[in-house]
Every structure is written in structure tokens, then in C-alpha cells.
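Chemist: Only the shape, not the letters, is given here:
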């Protein structure tokens, strides 16, 4: 229901602010710009869905091979002790646990193209256990919050954009991004677990949380030993090598089990195509609302207000220059990427604002997009508390990014 009200609110606020600009400032172009944004975003939504069709077909096909060969079931058994406590509705050894682990791994490696199909697959598997098909289950909400928190261990695309923008050391934001996104994810797990009355004192779950902190610390230490100018190359190599190794293992295991790998892939790819068609209306709906909201100028108004308040309090306002990226990220991934590139172009890739905008880009995820696509793919109409909790993760990621960037770059 929250998404329904937010969607309406975007249009109403944009319309009212447009009327004010027309009546007070005589801006006769504002409604032209808003209508242009409306149709442009509708077109963009379809084009994005069209682009997803091939990716979804590819990864749904690969996942079908993994399921038929038994690898996904093996992953489910390995991670069942932890996931069965985070997703108690699903019980022990549910097949979805393997898919969830694959999805989270793809997100952590910065492989968005692989993460989305895996996430949709996991959502579809959880929907089978959902007693009320129109309302998001606790398990689906926990999974969605894990995705909206944007946990990224290797932010490949951000490092590439920084290199293109002329940064002396493109990967100098690597550790701040890792720490910020980890804070966001940890906060998401804790607040959602609290809401769902998950027992975090359970030895298995407590060990897993403490273990994740140790793993992040180990990764930070490991990359601190690598020359800064080589981080981007190493990150890209590691992520791509892991991804291709997974594909090869799936194919070889399928051949070993004497599965007709090609036919199984085609069967999975067909499911991917059907899923891509299903999400088109949901994606267009959220993108047109975001496009109108942005074109109305309300976002710029909010930023100017924040800057005035910061200056009034006598605080350092340098972080405000990078805020457009942070505020746009939950609404639009491509919009936030554009804001980040524009910020680095305007202030310099190695400026405080340029670096902070990069950290913002990696610290959070496209919450509205994820909710629209993931829940839309299985026909969920009532997202319950998924949206506010997802936005809470974004807020924690933004705050953490600001403080950590001041520690590293001030």
C-alpha cells in the first residue's frame, strides 16, 4: 500500500509545484517538460524491459541447468542453517536458498545483470509458499530489503566511471563504498528481523553476522595491500572470473549428470522471456512517476533547502553538492549514475563531492525499481512495510557514506 500512496504523491507534488511555478514565476515550459518526461519514461521503461528480456532469458536458462544438475540444491543445504533462521517461513533446506545465495553473490560482485534474474527467480520460488498471493510474505520482504540495501563488495562500474572521469586513483572509493554498503545491509537485516521477531541471539545466526563482519574486514585489509591504481583491474578480474567459473561448473555438472543441457537451457530461457513481459507495466508505472517528479524541479528545491539548513547550522556543506546522487539512487539507477557523472564532471573526480557521489552510488540501491520489478513479477499488490524499510536502508547508507567519506577524504 505504501508504494501506492508514494506513486500518487509523486504526481500530486509535481503537479502542485508546476502550478506554483506557472502562476508565480510565469514558467510556461514546466508542464511541457513534465509531459515530455512522462512519455520519455514510458518509452524508457519499455526499452529497459526489452533489454532485460535477453538477460533474463540467459540467466534463467543457466539457473535451470543448475537446478536440474543439483548444484542449487547443494547450495541450499549449505546455507540452510543461516537462511532458515532469516526466512523461518520457508523451513529447512528450501530450494530457494541456493537461488538467494546466487543472487546475493551477484550483487556483492557488482554484477547487476546477473543479480536481477536470480532475484526474480528467488521471488517466484518464495511466491509458491506465500499463502496470500497478493500480499508480500515476511520472507519476500526480508529478501527484498537485502537487495535494496545494495551490499556491494566489488563496485566495478563505479570504478570504471571514475577512471573515465580522470580520477588519479579511481579505486580510492573502494573501501568507503564497502563500509557504507555494509552498514546499510546490516541495518536492513536488523530492523527487518526485529519487525519479524527473528531471534538474533541464536548461535548460528549470531555467528553468521559476526562472521560477515570478519569477512568484510578481511576484504578491506586484502585490498589495502593492493596498489590503488590496480584495484579496479583486480576487482573486475575477480568478479568476471567467478561469474564465468560458475557458468562452466553448471555446464560441466549438467553434462556429468547426463542432462540434455541445451534443451534445459531453452526451457529456462522461455521462463525468463515470460517474466520480462510480466514486469513491463510495473516498471513503466514507477519510472513515469519518478520522471515527472524530477522534471517538476521538486528535487532541486529539496536540495537547495537542505543546503540552506546546513549553512544555517554552521556545518560543512560540501556533502550537499553530492546529494543529488543519493536522493536519485532510490528512484532511478540511470538517473543516479547521471548525477554521479555530472558531479564528477562539474567538481572534479578527485574532489570531495566527486568522491562522495561515487560512494553514494555504491552505498544504496534502486529501491523503487527493485520493489516494482520483484513484486510485480509475481503479482504482489500489497508490499506491506517493504518500502519504508528499504528506504530506511538507503538512509543509513547515505548517512554512513557521508561520515565515512569525511573520515577518508576530508
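Modeler: Noted; the coordinates are in hand. A quick note: this is a predicted structure, and the numbers were derived from the prediction, not measured.
Chemist: which one's the longest helix in the protein?
Modeler: The longest helix of the chain (DSSP state H) is helix 30-69.
Chemist: Pull the residues that contact stretch 172-186.
Modeler: For stretch 172-186, contacts defined as C-beta atoms under 8 Å, 6 or more residues apart in numbering pick out 146, 149-153, 155, 158-159, 162, 209, 212, 216, 219-220, 223-224, 228, 231, 235, 355, 358-359, 362-364, 393-394, 396-397, 400-401, 404-405, 408-409. Every C-beta, even on glycine, is put in place using the N, C-alpha and C of the backbone.
Chemist: mean confidence for that stretch?
Modeler: Summarised as a single mean, pLDDT over stretch 172-186 is 85.
Chemist: same thing with stretch 30-48?
Modeler: So the average pLDDT for stretch 30-48 ends up being 84.
Chemist: What residues of that stretch count as buried?
Modeler: Neighbour counts over stretch 30-48 (16 or more other C-beta atoms under 10 Å) mark 30-31, 33-34, 37-38, 41-42, 44-45, 48 as buried.
Chemist: Distance from that stretch to the middle of the chain?
Modeler: 23 Å (C-alpha atoms, centre = their mean, to the nearest Å).
Chemist: So for residue 192, what pLDDT did the model give?
Modeler: pLDDT, read off for residue 192, is 93.
Chemist: Which pLDDT value does the model give the residue nearest to it when sequence neighbours are not counted?
Modeler: Using C-beta to C-beta, 6 or more residues apart in numbering and skipping the chain neighbours, the partner closest in space to residue 192 is residue 145 (4.8 Å). Residue 145 carries a pLDDT value of 90.
Chemist: What is the neighbour count of residue 145?
Modeler: Residues near residue 145, counting by other C-beta atoms under 10 Å, number 26.
Chemist: and it, what is it in contact with?
Modeler: Neighbouring residues of residue 145 by C-beta under 8 Å, 6+ apart: 188-189, 192, 386, 389-390, 393.
Chemist: Include distance to residue 55 when you put the residues you listed into JSON lines, please.
Modeler: Formatted as JSON lines, the contacts of residue 145 follow (distance: C-beta to C-beta, whole Å):
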{"residue": "188", "distance to residue 55": "25"}
{"residue": "189", "distance to residue 55": "27"}
{"residue": "192", "distance to residue 55": "28"}
{"residue": "386", "distance to residue 55": "24"}
{"residue": "389", "distance to residue 55": "27"}
{"residue": "390", "distance to residue 55": "23"}
{"residue": "393", "distance to residue 55": "25"}
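Chemist: what's the most distant pair in those residues?
Modeler: Largest separation among those by C-beta to C-beta: 189 and 386, giving 14.0 Å.
Chemist: what about residue 89, how many neighbours?
Modeler: 16.
Chemist: quick one: pLDDT of it?
Modeler: For residue 89, the pLDDT comes out at 88.
Chemist: distance of it from residue 212?
Modeler: Distance, residue 89 to residue 212, using C-beta to C-beta, to the nearest Å: 22 Å.
Chemist: Residue 168 too?
Modeler: In terms of C-beta to C-beta, residue 168 sits 32 Å off from residue 212.
Chemist: So the two - more neighbours on which side?
Modeler: When residue 168 and residue 212 are compared for neighbours, residue 212 comes out ahead with 16 against 10, by other C-beta under 10 Å.
Chemist: Tell me who's in contact with the residue nearest the centre of the chain.
Modeler: When C-alpha atoms, centre = their mean is applied to the chain, the residue found nearest the centroid is residue 365 (3.3 Å). When contacts are counted by C-beta under 8 Å, 6+ apart, residue 365 is found next to 147-150, 329-330, 333, 394.
Chemist: Just the ones of those residues in helices?
Modeler: Members of the contacts of residue 365 lying in helices (criterion: DSSP H): 147-148, 333, 394.
Chemist: thinking again about what came up before, need the three-state assignment for the residue nearest to the centre of the chain.
Modeler: Following DSSP: H, G, I helix; E, B strand; the rest coil, the label given to residue 365 is coil.
Chemist: so residue 327 touches residue 301, yeah?
Modeler: No. Look at residue 327 against residue 301 with C-beta atoms under 8 Å: they stay out of range, at 11.5 Å.
Chemist: All good on my end, thank you.
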